[in-house]
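Enquirer: Next one to model:
(chains A and B)
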Amino acid sequence: MEKRSRWLLILMAVALSASCAQLKPQRVKPWERKQLARADMQMEPDPVQGYLDEHMYFSKEAASGGYGVGGGGCGCN
Amino acid sequence: MQLNKKLGLAVASLLVSTQGHADDWLVDSGMLLYSETDSEGQDRVSVVEPVVIATKEYDTNDFFRYTVVFDALTGASPNGAPALTVSQEFPGFVVAAGETPLDNGFEDQRLAMGVVRGKPFDHGASRYEMGANFSVERDYLSLGSSLLVAKDSADKQTTVSGSLGLSFDVISPRGGLRPEFGSIFDTVTAPSGRFTLKDDDDDEDEDGYEDDDDFLEGEKKLTLEGLIGISHVLNQYTVLSANYGLSLSNGYLSDPYKVVALLDTNGRAEDYLWEKRPDKRVRQTLAGKMVTALGEHSLHLSYRYFRDDWGIASHTGDMEFYLRAGDKWQLRPHLRYSRQSAADFYVPYLAASDDLPTYASSDYRLGGLTTATAGMKIIYHLPDDRRISLNLEQVKQNPDSWDGLTLNSEWIAEGPPSVTFYAITIGYRTKW
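Expert: Numbers count the residues shown, from 1 in each chain, chains lettered A, B, ... in the order given. Below is the predicted model of the structure:
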């Protein structure tokens, strides 16, 4: 594996383990959703970036999809 | 206690009502500038792609969303043949020894539009989203529709959803349809620099492209997709989601511009055949995502497993970190890593002495491939929920080396060249 790829994987693993402390299940009342309502806390905070990324990787890799259906095909792959 | 609860509810309902700004248009726009270069120093495709997504929200989950995309592509794309120690002759041009053959003069524009109607039902506990879209290029037309139905649990912490998508594509390659495994030498070069089938030049305009009358004539492809998903609010700071997707494609799935080299025992090309992929493909995905708040910052982690019946399996991990820097600035470092295995019918070349296999493609995107991305986005927040952003990404694709070559490996490159691409996106969000 290339050095750079290995660093990417290690960084992701560190981020995942650092966020494990956040994983305690809890009842959440409507007035406790302030953090969850933040723009950066949405599943897709930037739909334009999401669209462009998906299009780019769809045209450069064999794998695609996984997070939604539709969106329109193109001849790039 | 009772008072606390009432106050809380009042605050929550205020939050919800100010969030939507009923009857406003939320307009997200962006412009992508993209260019790529390979490790041989050859420039490849450049793309300019403006996107506008406009949402008119009447109430929570009650909206119309319109998407308009324009794409302008120019440059060169590998035609599938490997770099050889000898020069290679194609109809209309010659590629020097040691260079990966590119299909030059690649040029296309694409216009895509879509609309989604979202509507709540079941007293707001459920919602549906119905969508339709189309995409038009000179050689490609795609029509699609989608339906999503989602239902919240009573405590609103869990949402289950199901989606269906259907798309119908028509592929009408410039210069006419290529017979799969037909020889490239049955073509001549059009004035545009592209290949044309020798007996199919009657209905073309002066650019060597087919007349628009023929647009709907071509090879067809039908894709049916299904996705089931669950998302769960784990606590005040964390949301999790998981999806399983299944997609079935039927029809013409080859790339009409790619060839497979037919090499003799001395590593010289006897012929180049148009590639041939199976006419069916079943794709499955399993994807998980976590979004968690770390104080005023947030972390997005996702992973997707993909496999299809062509023999390709892939693992993709993605990490985005939204970092607040004061009231106005936000930084978003982004890392992505993807590793895919090769399709069963992926070959660097075919040996002229062997029988033709049932399917073959030398498109490096169907080979073993590692893609690594590093990027940084800078977001500046303006008054009234408006914002501008600038995103820079560098992506590096390293195709696996070819192994198990039956030819003398000195006559052929070790593998496809690696590719580096840069993507710059300028974004602007506003409300009307």
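Enquirer: And the residue positioned nearest the centre of chain B, its phi and psi?
Expert: Chain B has B:Arg365 as the residue nearest its centroid, 11.8 Å off, counting by Cα atoms, centre = their mean. Backbone torsions for B:Arg365, taken as degrees, to the nearest 10, come to phi -70, psi -10.
Enquirer: Spatially, what comes nearest to it if we skip its sequence neighbours?
Expert: By the measure of Cβ to Cβ, 6 or more residues apart in numbering or on different chains, the closest residue to B:Arg365 outside its immediate chain neighbours is A:Ala62, 5.7 Å from it. Where C-beta positions appear, they are placed from N, C-alpha and C, glycine not excepted.
Enquirer: For the residue of chain A positioned farthest from its centre, give its distance to chain B.
Expert: Distance from the C-alpha centroid of chain A peaks at A:Trp31, with 26.0 Å (Cα atoms, centre = their mean). Distance from A:Trp31 to chain B, counting by Cβ to the nearest Cβ, to the nearest Å: 3 Å.
Enquirer: Am I right that that residue sits in a strand?
Expert: No: with DSSP: H, G, I helix; E, B strand; the rest coil as the criterion, A:Trp31 is helix rather than part of a strand.
Enquirer: and B:Ser185, which of the three is it?
Expert: Ser isn't right for residue B:185; it's Phe. Of the three states, B:Phe185 takes helix according to three-state DSSP.
Enquirer: and it, what does it touch?
Expert: Under the criterion of Cβ atoms under 8 Å, 6 or more residues apart in numbering or on different chains, the contact list for B:Phe185 reads B:91, B:271-272.
Enquirer: From those residues, pick the one nearest A:Cys74.
Expert: In terms of Cβ to Cβ, no member of these lies closer to A:Cys74 than B:Tyr272, at 25.2 Å.
Enquirer: in stretch B:232-246, what's buried?
Expert: Judged by neighbour count using 16 or more other Cβ atoms under 10 Å in any protein chain shown, the buried positions of stretch B:232-246 are B:233-241, B:243, B:245.
Enquirer: want to throw these into TSV with distance to chain A and secondary structure?
Expert: TSV is the format used below for the buried residues of stretch B:232-246 (distance: Cβ to the nearest Cβ, whole Å; DSSP: H, G, I helix; E, B strand; the rest coil):
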residue	distance to chain A	secondary structure
B:Val233	5	strand
B:Leu234	6	coil
B:Asn235	4	coil
B:Gln236	5	coil
B:Tyr237	5	coil
B:Thr238	5	strand
B:Val239	6	strand
B:Leu240	8	strand
B:Ser241	6	strand
B:Asn243	6	strand
B:Gly245	5	strand
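Enquirer: From B:Glu410, how far off is B:Leu166?
Expert: The spacing between B:Leu166 and B:Glu410, counted by Cβ to Cβ, to the nearest Å, is 50 Å.
Enquirer: ok, now B:Tyr337?
Expert: Counting by Cβ to Cβ, the gap from B:Tyr337 to B:Glu410 is 33 Å.
Enquirer: Mind checking which of these two has more residues around it?
Expert: B:Tyr337 (23 against 7; other Cβ atoms under 10 Å in any protein chain shown).
Enquirer: hey, what's the more buried one bridged with?
Expert: In this structure, B:Tyr337 bridges to B:Gly317, B:Ala372 when assessed by DSSP bridges.
Enquirer: Please list all residues in contact with it.
Expert: Shown in contact with B:Tyr337 (Cβ under 8 Å, 6+ apart): A:5, A:8-9, A:12, B:316-318, B:370-373.
Enquirer: what pLDDT does it get?
Expert: The predicted local distance difference test score for B:Tyr337 is 97.
Enquirer: likewise B:Glu107?
Expert: pLDDT, B:Glu107: 85.
Enquirer: next helix or strand past the host helix or strand of it?
Expert: Taking DSSP states H and E as the criterion, the element that holds B:Glu107 is strand B:102-121. Read in the C-terminal direction, the helix or strand following strand B:102-121 is strand B:126-137, with elements assigned using DSSP H and E.
Enquirer: got the angle for the very next helix or strand once past that next one vs strand B:126-137?
Expert: Past strand B:126-137, further along toward the C-terminus, the next helix or strand under DSSP H and E is strand B:140-152. Strand B:140-152 and strand B:126-137 are oriented at 170 degrees to each other (axes from the mean of the first three to the mean of the last three Cα atoms, to 10 degrees).
Enquirer: Flag every buried residue along the next helix or strand after strand B:140-152.
Expert: Heading C-terminal from strand B:140-152, the first helix or strand you meet, by DSSP H and E, is strand B:158-171. Of the residues in strand B:158-171, those scored as buried under the neighbour-count criterion (16+ other Cβ under 10 Å) are B:159, B:161, B:163, B:165, B:167-171.
Enquirer: what's the answer for stretch B:400-411, then?
Expert: For stretch B:400-411, the neighbour count (16+ other Cβ under 10 Å) marks B:400, B:402, B:405, B:407, B:411 as buried.
Enquirer: between those, which is nearest chain A?
Expert: B:Asp400 (11.3 Å; Cβ to the nearest Cβ).
Enquirer: low-scoring stretches of the stretch 101-250 of chain B, by residue?
Expert: B:187-216 (pLDDT under 70).
Enquirer: what's near enough to touch A:Leu9?
Expert: Applying Cβ under 8 Å, 6+ apart, one finds that A:Leu9 lies in contact with B:317, B:337.
Enquirer: Tell me which helix or strand comes right after the helix or strand encompassing it.
Expert: Here A:Leu9 sits within helix A:3-18, counting by DSSP H and E. Scanning forward in sequence from helix A:3-18, with DSSP H and E defining helices and strands, the next element found is helix A:47-60.
Enquirer: ok, and what's touching that following helix?
Expert: Residues outside helix A:47-60 that contact it (Cβ under 8 Å, 6+ apart) are A:44, A:64, A:71, A:74, A:76-77, B:28-30, B:32, B:34, B:49, B:51, B:53, B:67, B:69, B:338, B:365, B:371, B:377, B:391, B:395, B:397, B:421, B:423, B:425, B:427.
Enquirer: burial count for residue 33?
Expert: Answering for chain A, as no chain was given. Around A:Arg33 sit 18 other residues, with neighbours defined as other Cβ under 10 Å.
Enquirer: Correction: the question concerned chain B.
Expert: Counted with other Cβ under 10 Å, the burial measure for B:Leu33 works out to 13 neighbours.
Enquirer: ditto for the one 10 residues further on
Expert: Residue neighbour count, defined by other Cβ under 10 Å, stands at 12 for B:Asp43.
Enquirer: Kindly report the same for B:Asp264.
Expert: B:Asp264 has 14 neighbours, counted by other Cβ under 10 Å.
Enquirer: Please, where are all the helices along chain B?
Expert: Counting by DSSP state H, residue ranges of the helices within chain B are B:2-20.
Enquirer: Check the buried residues of strand B:158-171 against chain A and report the nearest one.
Expert: B:Gly165 (3.3 Å).
Enquirer: Please name the residues that touch that closest one.
Expert: For B:Gly165, the contact set (Cβ under 8 Å, 6+ apart) comprises A:69-70, B:144-147, B:223-227.
Enquirer: what do you get for B:Val260?
Expert: B:80-81, B:272-275, B:347, B:349-350, B:360-362.
Enquirer: B:Gly367 is in contact with B:Tyr346, correct?
Expert: Yes: counting by Cβ atoms under 8 Å, a contact exists between B:Tyr346 and B:Gly367, whose distance comes to 4.8 Å.
Enquirer: Can you pull the poorly scored residue ranges out of chain A?
Expert: Across chain A, the stretches falling below the confidence threshold (pLDDT under 70) are A:1-2, A:21, A:71-72, A:77.
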